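Trainee: pasting the sequence and the predicted coordinates here, then a few questions.
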Amino acid sequence: MESFAYTHFFSTVHIALFKHVTNAAELRARIVRASTLEGEEGDAEREAVNFGFVDARLVTSVLHIQTAITQALLSASQNALRTKTVHSEVIWALNPSNNITEALRRYGVSDDSTALLVIRIDPLDPQSVEPRMRAVVQGTLVPLSDLTDLTDWTAVKKYNKLNGDVAIKEAGKDQARERYLIDNIVVSSVAMKSV
């Protein structure tokens, strides 16, 4: 897990990358259940799953997720969230369209997710966040530097409608150049979403 200080938003962001996730379906059901529970039990369950769960296969780089986090924090600071929480706003920011349901379906945890970015935007001590993440996600915690190895570049191109992009086509068989261009395009798309 890595922690990043966003001092201009008075926030600390904790990001963990899990691969070989085995409880994605249960986790998704737990999140849905937590949203409907009432009283102290509901509050406790919502706090237990109070993270942003992002399907890591659709994130192209650490900069990509950090840009989405910055957009979510900016919206929160301006009281302009389009979703219910800052964590779901991160997921919405990643999606190229403005459809919240589509964003949650594509970029959030799904029943078949095997790699997850788990995000907590909170001033909590990193020593207390990681055990809480591990208590919720059953998988192997790996360094964020492994993220691009888990990216499904074909799906990223499809969801961002990049298959017909001239620059991507011109990259041809130079895989490193193609991935560099895709990352630049999707990061720019996230950065410009709120403009």
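Mentor: Sure thing, it's come through.
Trainee: show me where pLDDT drops low in this structure?
Mentor: 124 (pLDDT under 70).
Trainee: quick check: residue 71 vs residue 58, distance?
Mentor: 16 Å (C-beta to C-beta, to the nearest Å). Where you see a C-beta, it was placed from the backbone N, CA and C, and this is true even at glycine.
Trainee: more neighbours: which of the two?
Mentor: residue 58 (23 against 20; other C-beta atoms under 10 Å).
Trainee: wait, that one sits on residue 158?
Mentor: No - applying C-beta atoms under 8 Å, one finds residue 58 not in contact with residue 158, separated by 9.9 Å.
Trainee: can you list the residues that contact the longest strand along the chain?
Mentor: Longest strand in the chain, counting residues (DSSP state E): strand 11-19. By C-beta atoms under 8 Å, 6 or more residues apart in numbering, the residues outside strand 11-19 that reach it are 1-6, 56, 62, 65, 69, 73, 114-124, 126, 129-130, 133, 137, 139-144, 146-147, 150.
Trainee: can we see that at 7 Å?
Mentor: The contact list for strand 11-19 (C-beta atoms under 7 Å, 6 or more residues apart in numbering) reads 1-6, 56, 65, 69, 73, 114-123, 126, 129-130, 133, 137, 139-142, 144, 146-147, 150.
Trainee: ok, of the residues you listed, which come out buried?
Mentor: For the contacts of strand 11-19, a neighbour count by 16 or more other C-beta atoms under 10 Å gives the buried set as 1, 6, 56, 65, 69, 73, 114-122, 129-130, 133, 137, 139, 142, 144, 147, 150.
Trainee: these in strands, which ones?
Mentor: Going by DSSP E, the strands hold 6, 115-121, 142 from the buried ones among the contacts of strand 11-19.
Trainee: tell me which of these is nearest to residue 85?
Mentor: residue 121 (9.1 Å; C-beta to C-beta).
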